[in-house]
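Chemist: following is a predicted model, sequence given first.
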Amino acid sequence: MSAVYAFFIAVFVYKDMRLKDVPRVLLSSANMSATLLYIITNAVLFSFVMANENIPQAMADWMVARGFGWVAFLLIVNVLLLVVGNLMEPSSIILIMAPILFPVAMKLGIDPIHFGILITVNMEVGLCHPPVGLNLYVASGIARMGITELTVAVWPWLLTMLVFLAIVTYVPALSLFLPRLLGM
């Protein structure tokens with residue numbers, strides 16, 4: 001419904017798009033959808049194989065046997081997600097990494113809401129640093145600045161986001177305050 005509404009507004013109200021442009025726009029949308037579905041399909045298949053082979057459970061058992069607590073695990077998760085965030089876009093990372101890391105987090109007693117917020121904050125940091133940093137490319141286009149110049153300008157904000165990530169990681173009460181207040 002929203003796509004039909006957007007089409008109607010773009011063509012008939014704002015007149016940003018002509019009717020003769022519709023087939024080209026639909027083809028472009030179909031290509032983007034196919035790309036996303038391909039990524040999602042591969043990520044789901046990868047997650048299925050990992051779960052079928054009990055890899056997350058084996059990781060959890062290995063970490064518990066080695067004496068890793070939740071603090072060390074969350075540090076490893078942050079580093080892993082920040083590194084992977086340099087190479088991939090967030091939806092792919094979540095689809096691939098969450099099914100692997102979530103069972104380990106549950107076994108270590110980490111709250112699922114806290115863990116989800118931690119992953120979300122990691123993905124936002126990943127959107128703001130090069131080389132993949134999608135937000136950097138969007139801001140570069142809007143501000144008409146080169147990506148290198150923008151990257152230098154973003155460093156103080158990126159460092160602030162990393163400090164926030166550390167706070168969210170190791171102060172679970174910050175993430176869980178509102179859900180607990182609402183009785184979740």
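Modeler: Received, thanks. Please read all numbers here as calculations on a predicted model, not as lab measurements.
Chemist: list the helices and strands the longest helix seen in the chain packs on?
Modeler: Ranked by number of residues, the top helix in the chain under DSSP state H is helix 22-52. When contacts are defined as 3 or more Cβ pairs under 8 Å, 6 or more residues apart in numbering; DSSP states H and E, helix 22-52 packs onto helix 90-107. Bear in mind the C-beta positions are built from the backbone N, C-alpha and C, glycine included.
Chemist: so which bits of the helix it packs on are buried?
Modeler: 90, 92-105, 107 (16 or more other Cβ atoms under 10 Å).
Chemist: helix or strand right after that helix?
Modeler: For helix 90-107, the succeeding helix or strand toward the C-terminus, using DSSP states H and E, is helix 112-127.
Chemist: of the buried residues of helix 90-107, closest to Pro56?
Modeler: Pro103 (3.9 Å; Cβ to Cβ).
Chemist: make sure the closest one is actually in contact with Asp61.
Modeler: No - if you go by Cβ atoms under 8 Å, Pro103 and Asp61 don't touch, sitting 10.3 Å apart.
Chemist: relative to Phe12, how far out is the residue nearest the centre of the chain?
Modeler: By Cα atoms, centre = their mean, the chain has its centre lying nearest to Pro90, at 3.1 Å. According to Cβ to Cβ, to the nearest Å, Pro90 and Phe12 sit 34 Å apart.
Chemist: returning to that earlier point: any idea how far Val125 is from the residue nearest to the centre of the chain?
Modeler: For Pro90, the distance to Val125 - Cβ to Cβ - is 10 Å.
Chemist: list the buried residues of the helix or strand hosting Ser140.
Modeler: In this assignment (DSSP H and E), Ser140 forms part of helix 134-143. Within helix 134-143, the residues that count as buried by 16+ other Cβ under 10 Å are 136, 139-140.
Chemist: and if you look at stretch 147-158?
Modeler: 150-151, 154.
Chemist: count of neighbours near Asn78?
Modeler: Under the neighbour criterion other Cβ atoms under 10 Å, Asn78 is assigned a count of 21.
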